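J.: Here is my input; please provide its structure:
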Amino acid sequence: QVQLVESGGGLVQAGGSLRLSCAASGRTFSRNAMGWFRQAPGKEREFVAAISWSGGNTYYAESVTGRFTISRDNAKNTMYLQMNSLKPEDTAVYYCAAGPSATILGLTTGAYDYWGQGTQVTVSS
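T.: Predicted coordinates for the structure are as follows:
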């Protein structure tokens, strides 16, 4: 079992920045590839970014490439999502997730076994 808790969400103006954190506990954190997803009202949960267990491999959705950066600190059992140049369309509940593999970067919700409760990000225009 892996327990995940997101934090760092909030209200920010367009063009601003936020850094989300995902604190993990339970089974060894460093054995899991991790991901960030988001869900806007009335829409399906969508992939944002993923990172391998070592942090050496990352992948981003096209909509956030060049603006968001995923990273992790295995010593602190924490994953991060640095979000810059935020846009109103980035408004959503952001979820972190842990997958069963150390290296496979899943792009769909079905690729992940464990989920956090989510943190709200609201970008005003």
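
J.: From now on I want contacts and neighbour counts done on CA atoms only, so please keep to that.
T.: OK.

J.: Could you tell me which ranges of this structure sit under the pLDDT cut-off?
T.: Low-confidence segments of the chain (pLDDT under 70): 28-30.

J.: and the spatially most central residue of the chain, what are its phi and psi?
T.: The chain has Trp36 as the residue nearest its centroid, 2.3 Å off, counting by C-alpha atoms, centre = their mean. Note on Trp36: its backbone torsions stand at phi -120, psi 140 [degrees, to the nearest 10].

J.: Next, find the distance separating it from Ser125.
T.: According to C-alpha to C-alpha, to the nearest Å, Trp36 stands 23 Å off from Ser125.

J.: any chance you could map the strands in the chain?
T.: Along the chain, counting by DSSP state E, strands occupy 2-7, 10-13, 18-26, 34-39, 46-51, 58-60, 68-73, 78-83, 92-98, 114-115, 119-124.

J.: Run a quick check on Thr122 versus Gly8, I expect a contact.
T.: No - shown here, Thr122 and Gly8 do not form a contact pair, counting by C-alpha atoms under 8 Å, at 11.5 Å.

J.: The two: which has the busier surroundings?
T.: The residue with more neighbours, out of Thr122 and Gly8, is Thr122; 20 against 14, by other C-alpha atoms under 10 Å.
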